[in-house]
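**Q** Quick one, fold the following:
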Amino acid sequence: MTITVNTKSYSEDAQINQNAVRYAGPNQTFAVTDRIDLKRTPPKATSQSQGVAKSSLKTSRAFLVGTEYKTVIIESNVSIPVGVAAADAQAVIDDHEALIGGAVGTAVAINHDLKH
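**A** Presented below is the predicted three-dimensional model:
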């Protein structure tokens, strides 16, 4: 299976288990990291709750810095309680996407600036 992110194609590299899969990007080699890892944890119901579905999306990409490769890692963790409407969950995902991709996300991630 192949996924596309910002016009880059990532091919399925490894099915870690039924709840985790790794995709290799166009620059992935034995020595250079360029991948996306997707994971999920199904909800576990209890006597008080129907549970929470959890997911993780991780992007890892290495860049040459001087004479060695350094890896940038960005990871998002998602927890959605069973019963939350898909439209409500999508609204939070949209807000998070705008946060991490906008000026605040850039300031925090690159400049470590927490005050805006």
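
**Q** So the residue of the chain most remote from its centre, which state does it fall into?
**A** The C-alpha centroid of the chain is most remote from Ser47, which lies 30.9 Å away (CA atoms, centre = their mean). Here Ser47 is coil, with the state taken from DSSP: H, G, I helix; E, B strand; the rest coil.

**Q** Let me know the pLDDT of it.
**A** As predicted, Ser47 sits at a pLDDT of 92.

**Q** The one 3 residues further on too?
**A** Gln50 is assigned 96 on the pLDDT scale.

**Q** Distance of it relative to Lys44?
**A** Noted for Gln50: a distance of 9 Å to Lys44, by CB to CB, to the nearest Å. To be clear about C-beta, it is placed using only N, CA and C from the backbone, and glycine gets the same treatment.

**Q** Likewise for Leu57?
**A** The value you get for Leu57 to Lys44, if CB to CB is used, is 21 Å.

**Q** Flag every buried residue along stretch 85-97.
**A** Of all the residues in stretch 85-97, not one is buried under the rule 16 or more other CB atoms under 10 Å.

**Q** how distant is that stretch from the center of its chain?
**A** 15 Å (CA atoms, centre = their mean, to the nearest Å).
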